[in-house]
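Asks: next come a sequence and a model predicted from it.
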Amino acid sequence: MNSRFPHLHFLAVALVLGSVGVHAQSPADTSAAKAKRPNILFLFADDQRYDTLGCAGHPIVKTPAIDALAAEGVRFQNAFVTTSVCWVSRATVLTGQWARTHAMHDLVPTVKPESLATAFPVELHKAGYRTGHFGKWHMIMPPGFKPEEQYDVYEAIGRNPYFKTMPDGTRRHETDIICDRGIEFIKSQPKDQPFCLNLWFNAAHAEDGDKRPGIGHYPWPLSTDGMYEDTEIPAPRLGAPAIYESQPEFLKQSINRERFFWGYDTPERFQTNVRAYFRMISGIDKGVARVLQALKEAGLDDNTIIVYTADNGYYLGDRGFQGKWSHYDESLRVPMVIYDPRVPKERRGRVLDEMALNVDLATTFLDWAGVARPAGYQGSSLAPLVRGEKPAAWRDHFFCEHLDLAPTLTWEGVRGQRYMYARYIDQPAPSNELLYDLKADRDELKNLAADPAQTDALKEMRALCNQDMDAMGGALPPMDQRGYRKNAPGKKPGGKKDAAPAVPTQP
């Protein structure tokens with residue numbers, strides 16, 4: 001056992017960790033064989049940047065339950081989302097498709113009906129899985145689509161407000177309610193049927209309509225009251241004013257900067273809000289511990305694969321920004337931990353370098369279940385990597401994009417191992433292009449797009465971006481032909497702000 005995790009001995013969350021040697025069965029197998037297919041527990045956080053877990057080396061945030069999963073599972077240290085915003089990332093996970101493919105180009109970012117027809121819960125249900133979803137939904141669906149019809153058990157649990165009044169008059173945080181529902185699902189699970197359970201948290205998303213520092217803007221569960229209160233939060237590592245000043249003017253005027261003033265514009269506000277944000281993450285961890293204990297008590301822990309990740313990253317004041325949406329690693333990179341109890345002990349506790357994407361999850365879930373991958377899926381299964389295999393070929397780059405928030409934050413690009421390339425498509429060329437050499441400039445501080453010495457690299461990354469863009473669905477139409485939904489977040493074409501808060505209506 002990894003000596004970095006002494007708390008594993010103490011965690012009765014802990015899982016029965018012996019390998020049980022179960023192999024995925026095909027949908028045509030007998031009922032007895034189907035029961036041996038692995039259960040899947042999908043834990044999905046909101047607005048959590050890649051480094052805010054204890055197992056990722058964070059010096060402050062305490063996440064012992066998730067750390068335990070990483071110590072006995074695998075952690076992908078290069079996990080990314082293809083679109084860095086809550087609703088599109090969640091649609092990507094459900095459909096197994098890039099936004100460029102699943103979004104209606106004339107009604108951005110509404111999801112196409114044909115993409116939803118093969119969503120992973122639908123495919124798993126058809127294969128005999130009991131499916132459940134509790135928590136955030138928050139996607140723009142086509143008319144007539146009802147998420148509750150996609151699952152055996154479904155309850156949308158949103159924020160606005162985070163604390164809900166219970167029948168007895170007490171108030172309970174949405175994180176705890178989501179975990180309560182998950183525990184109820186587990187306790188009611190038939191013994192002869194596999195399940196896939198989604199617990200999709202709203203935490204650690206800020207409460208956009210309440211800008212009071214701390215418990216107003218980042219309301220934390222009661223279970224984490226007092227945590228980090230005496231901890232001095234270090235200033236953002238990339239928070240120097242000169243870094244903000246070096247940004248293109250359109251990014252300096254974007255919602256990333258606007259939201260900085262909601263939460264971090266004074267040292268006092270920064271300290272209060274980041275402590276509260278950390279409490280929200282630790283609150284998720286405490287809820288996860290309760291769910292894992294329920295799995296153990298139900299005797300389901302030795303055949304349940306557990307996935308923990310987030311829908312996008314978060315700036316936390318780096319570059320003078322807040323939120324996500326844009327092309328930097330703080331926005332695109334997320335935590336990802338996968339625990340599979342069937343993996344032999346000697347292959348556990350690994351930290352993997354391979355690029356893992358949110359679009360991979362649907363394919364991975366179906367792979368575990370022995371379900372045929374729909375033709376429209378675009379991700380790759382992570383299952384071989386989790387097992388400890390080395391695929392003959394694995395991606396060395398990925399296409400990334402953001403299709404709304406025009407004109408300042410619509411962009412497309414390619415994130416590779418050596419270079420990061422992005423172009424903001426509603427901004428005038430050539431000032432809309434950004435190129436970073438990740439080998440020489442890991443923090444993406446020097447834009448090389450105008451450097452004559454990087455002409456070949458720029459041409460190569462442009463061509464790669466064009467190639468991937470075409471494969472995913474082609475270029476977007478002009479800004480005035482994209483039919484943006486009225487409740488899409490942020491600024492609309494022409495730069496005008498919504499009168500309402502810059503978030504869609506919560507479920």
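Replies: Perfect, thanks for sending it.
Asks: and residue 258, that's in a strand?
Replies: No: looking at residue 258 with DSSP: H, G, I helix; E, B strand; the rest coil, it is helix, so not inside a strand.
Asks: for residue 211, see how far away it is.
Replies: The spacing between residue 258 and residue 211, counted by Cβ to Cβ, to the nearest Å, is 12 Å. C-beta coordinates here come from the backbone N, C-alpha and C atoms, glycine included.
Asks: same thing with residue 352?
Replies: For residue 352, the distance to residue 211 equals 39 Å [Cβ to Cβ].
Asks: which one's more surrounded, these two?
Replies: A direct count of neighbours by other Cβ atoms under 10 Å for residue 352 and residue 211 places residue 352 higher, at 18 against 15.
Asks: right, and that one touches residue 76 too?
Replies: Yes: contact status for residue 352 versus residue 76: in contact at 5.1 Å, counting by Cβ atoms under 8 Å.
Asks: returning to what we had before: joint contacts of residue 258 and residue 211?
Replies: Both residue 258 and residue 211 lack any common contact, where contact means Cβ atoms under 8 Å, 6 or more residues apart in numbering.
Asks: now do the shared contacts for residue 352 and residue 76.
Replies: Common neighbours of residue 352 and residue 76, using Cβ under 8 Å, 6+ apart, are residue 385.
Asks: which secondary structure element of the chain has the lowest mean pLDDT?
Replies: Counting by mean pLDDT, DSSP states H and E, the chain has its least confident helix or strand at helix 31-34, which shows a mean of 48.
Asks: what segments of the stretch 201-350 of the chain are helices?
Replies: For the stretch 201-350 of the chain, the helices defined by DSSP state H, counting those that start in this stretch cover 241-245, 249-252, 255-263, 267-297, 329-332.
Asks: deepest-packed of these, please.
Replies: Sort the helices of the stretch 201-350 of the chain by mean neighbour count, taking mean count of other Cβ atoms under 10 Å, and helix 329-332 sits at the top with a mean of 24.
Asks: residues making contact with that one?
Replies: The contact list for helix 329-332 (Cβ under 8 Å, 6+ apart) reads 49-50, 80-81, 84, 238, 312-316, 318-319, 321, 323-325, 400, 415, 420, 444.
Asks: dump it to PDB, restricted to CA.
Replies: Extracted in PDB, the C-alpha atoms of helix 329-332 (Å, rounded to 0.1, in the frame of the first residue of the first chain):
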ATOM      1  CA  ASP A 329      -4.800  24.100 -19.000                       C
ATOM      2  CA  GLU A 330      -6.400  25.500 -15.900                       C
ATOM      3  CA  SER A 331      -9.700  25.400 -17.800                       C
ATOM      4  CA  LEU A 332      -9.400  22.200 -19.800                       C
END
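Asks: pLDDT on that helix, on average?
Replies: Average pLDDT, helix 329-332: 98.
Asks: with stretch 340-355 instead?
Replies: Across stretch 340-355, pLDDT averages out at 97.
Asks: cool, and stretch 293-304?
Replies: Averaging pLDDT along stretch 293-304 yields 98.
Asks: in which helix or strand would I find the residue nearest to residue 107 when sequence neighbours are not counted?
Replies: Among residues not flanking residue 107 along the chain, residue 483 sits closest, at 4.3 Å (Cβ to Cβ, 6 or more residues apart in numbering). Per DSSP states H and E, residue 483 falls between elements, in no helix or strand.
Asks: next, count neighbours for residue 483.
Replies: Neighbours of residue 483 under the rule other Cβ under 10 Å: 12.
Asks: shaky segments in the stretch 401-507 of the chain?
Replies: Under the criterion pLDDT under 70, the flagged ranges of the stretch 401-507 of the chain are 486-507.
Asks: go again using 90 as the cut-off
Replies: Counting by pLDDT under 90, the stretch 401-507 of the chain shows low-confidence ranges at 484-507.
Asks: now the strands for it?
Replies: 411-416, 419-424, 433-437 (DSSP state E, counting those that start in this stretch).
Asks: as JSON lines, these with mean neighbour count and distance to residue 305 would be great.
Replies: Shown next, in JSON lines, are those (neighbours: other Cβ atoms under 10 Å; distance: least, Cβ to Cβ, whole Å):
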{"stretch": "strand 411-416", "mean neighbour count": "24", "distance to residue 305": "27"}
{"stretch": "strand 419-424", "mean neighbour count": "24", "distance to residue 305": "32"}
{"stretch": "strand 433-437", "mean neighbour count": "22", "distance to residue 305": "35"}
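Asks: dump those into JSON lines; add distance to residue 167 as well.
Replies: As requested, these are exported to JSON lines (distance: least, Cβ to Cβ, whole Å):
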{"stretch": "strand 411-416", "distance to residue 167": "46"}
{"stretch": "strand 419-424", "distance to residue 167": "49"}
{"stretch": "strand 433-437", "distance to residue 167": "52"}
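Asks: now name the helix or strand holding residue 123.
Replies: Assigned by DSSP H and E, residue 123 belongs to helix 120-126.
Asks: packing partners for that helix?
Replies: helix 86-95, strand 130-135, strand 195-200, helix 360-369 (3 or more Cβ pairs under 8 Å, 6 or more residues apart in numbering; DSSP states H and E).
Asks: who does the third one pair up with?
Replies: For strand 195-200, the paired strands and their directions (DSSP bridges) are strand 39-45 (parallel), strand 130-135 (parallel).
Asks: okay, these in JSON lines with mean pLDDT next?
Replies: What follows is these, written out as JSON lines (pLDDT from 0 to 100):
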{"stretch": "strand 39-45", "mean pLDDT": "98"}
{"stretch": "strand 130-135", "mean pLDDT": "98"}
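Asks: so which of those strands gets nearest residue 385?
Replies: Ranking these by their distance to residue 385 (criterion: Cβ to Cβ) puts strand 39-45 first, at 16.3 Å.
Asks: which residues sit against the strand or helix carrying residue 177?
Replies: Assigned by DSSP H and E, residue 177 falls within helix 174-187. The contact list for helix 174-187 (Cβ under 8 Å, 6+ apart) reads 41, 132, 134-135, 153, 155, 157-159, 162-164, 172, 195, 197, 199-203, 221-223, 280, 283-284, 287-288, 290-291, 294-295, 298, 300.
Asks: mind exporting that helix as PDB, just the C-alpha atoms?
Replies: These are the backbone C-alpha positions of helix 174-187, laid out as PDB (Å, rounded to 0.1, in the frame of the first residue of the first chain):
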ATOM      1  CA  GLU A 174     -27.400  19.400  -2.400                       C
ATOM      2  CA  THR A 175     -24.200  17.400  -2.200                       C
ATOM      3  CA  ASP A 176     -25.500  15.500   0.800                       C
ATOM      4  CA  ILE A 177     -29.000  15.000  -0.800                       C
ATOM      5  CA  ILE A 178     -27.400  13.600  -3.900                       C
ATOM      6  CA  CYS A 179     -25.400  11.100  -1.800                       C
ATOM      7  CA  ASP A 180     -28.500  10.300   0.200                       C
ATOM      8  CA  ARG A 181     -30.300   9.400  -3.000                       C
ATOM      9  CA  GLY A 182     -27.400   7.300  -4.200                       C
ATOM     10  CA  ILE A 183     -27.400   5.400  -0.900                       C
ATOM     11  CA  GLU A 184     -31.100   4.700  -1.300                       C
ATOM     12  CA  PHE A 185     -30.500   3.500  -4.800                       C
ATOM     13  CA  ILE A 186     -27.800   1.100  -3.600                       C
ATOM     14  CA  LYS A 187     -29.900  -0.300  -0.800                       C
END
